[in-house]
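Undergrad: kindly generate the corresponding structure for this input.
(one chain, ligands or ions: 2)
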Amino acid sequence: MATHYICTGECGGVADKPGTCQATDCSKHGQPLQECHCEDGMHRQAKEWEGSDSAAL
Ligand SMILES: [Zn+2]
Ligand SMILES: [Zn+2]
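TA: Numbers count the residues shown, from 1 in each chain. Ligands and ions are numbered 1, 2, ... in the order given. The predicted structure follows:
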């Protein structure tokens, strides 16, 4: 899978180019998508980054 961009909110949105979450009922609506390079479609890498950001707060 090539570089893709995911929403780390509950909508689980995935896009093939940068953007923001388009799901109005998602807690991340309007926030930038997280760049991801995973090959398995699990998006662990991007989600771990998000998690470490939260843990630091
Ligand atoms: Zn979202
Ligand atoms: Zn991914």
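Undergrad: hey, let's count contacts and neighbours off CA atoms from now on
TA: Noted.
Undergrad: got the residues of this protein near ligand 2?
TA: The chain comes close to ligand 2 at residues 36, 38, 43, as judged by CA under 5 Å from the ion.
Undergrad: the second one touches residue 14, doesn't it?
TA: Just to be clear, that refers to residue 38. No - in terms of CA atoms under 8 Å, residue 38 does not count as a neighbour of residue 14; the distance is 12.0 Å.
Undergrad: looking at these two, which is more packed in?
TA: Relative neighbour count places residue 14 above the other of residue 38 and residue 14, with 20 against 15, counting by other CA atoms under 10 Å.
Undergrad: how close does that one get to residue 28?
TA: Using CA to CA, to the nearest Å, we find residue 14 at a distance of 13 Å from residue 28.
Undergrad: stretch 10-17 close to ligand 1?
TA: Yes - taking CA under 5 Å from the ion as the criterion, stretch 10-17 and ligand 1 are in contact, through residue 11.
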